[in-house]
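Chemist: Only the shape, not the letters, is given here:
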């Protein structure tokens, strides 16, 4: 999928001749993961006579990529009191926004559940798992091009089982 960005520069004169303007530049933002790619392009020479207008229009095509999982959530069984780490790796342009869920309810970072990001690796950490933490966990990744979901089961077993 491609998004199209258009930038226009209009030159108008009122009482004097506008001569060559090849020293003007147009720039597109530099953060490739969330915006358009970086480029600087000199404008074509522009000559406008009094009372006339000159227009420069640049069309920039930017490819966007829907989210995709490079590493999906994995189901696991752990003992009560264990640390749990649910990891995913995600790709997409612009960078996707991730949200973790347990039984359909969004998980917010707290003292019980920590959500961390290191590059394309996103992790949900449970420092001390209890049987009530068992259930279906999912993560959704969303950007302007789409959405992807990964789901896994976590079973926390009580001591002595």
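Modeler: Cool, the structure landed. If you're wondering where the values come from, they're calculated on a predicted model, not measured in any experiment. Numbers count the residues shown, from 1 in each chain.
Chemist: Flag every buried residue along stretch 86-104.
Modeler: 86-88, 90, 92-96, 98-102 (16 or more other CB atoms under 10 Å). From N, CA and C alone the C-beta is placed, and that goes for glycine too.
Chemist: Determine which two of these are furthest apart.
Modeler: By the measure CB to CB, the buried residues of stretch 86-104 have their two most distant members at 93 and 102, which lie 28.7 Å apart.
Chemist: sorry, back to before: among the buried residues of stretch 86-104, which ones are in strands?
Modeler: Residues from the buried residues of stretch 86-104 lying in strands, with DSSP state E as the criterion: 86-88, 90, 92-93, 98-102.
Chemist: Check these against residue 135 and report the nearest one.
Modeler: Distance to residue 135, by CB to CB, is smallest for residue 102 among those, at 5.5 Å.
Chemist: The closest one reaches residue 139, doesn't it?
Modeler: No. Using CB atoms under 8 Å as the test, residue 102 is too far from residue 139 to be in contact (10.6 Å).
Chemist: can you pull the contacts of residue 74?
Modeler: Contacts were defined as CB atoms under 8 Å, 6 or more residues apart in numbering; by that measure residue 74 touches 86-87, 152.
Chemist: And the residues you listed, which is closest to residue 72?
Modeler: residue 152 (7.7 Å).
Chemist: Check the burial of residue 137 by counting its neighbours.
Modeler: Other residues near residue 137 number 23, with proximity taken as other CB atoms under 10 Å.
Chemist: Can you tell me who it pairs with across the strands?
Modeler: Applying DSSP bridges to residue 137 gives these bridge partners: residue 102, residue 152.
Chemist: And for residue 113, nearest residue in space, chain neighbours not counted?
Modeler: Nearest in space to residue 113, with sequence neighbours left out and distances taken as CB to CB, 6 or more residues apart in numbering, is residue 107 at 5.1 Å.
Chemist: What about the one you found, how many residues nearby?
Modeler: Based on other CB under 10 Å, the number of other residues close to residue 107 is 18.
Chemist: cool, residue 133 as well?
Modeler: As a burial measure, residue 133 scores 18 neighbours (other CB under 10 Å).
Chemist: Any figure for the gap between the spatially closest residue to residue 76 that is not a sequence neighbour and residue 143?
Modeler: Once flanking residues are discounted, residue 76 sits nearest to residue 154: 6.0 Å by CB to CB, 6+ apart. Applying CB to CB, to the nearest Å, the value for residue 154 to residue 143 is 27 Å.
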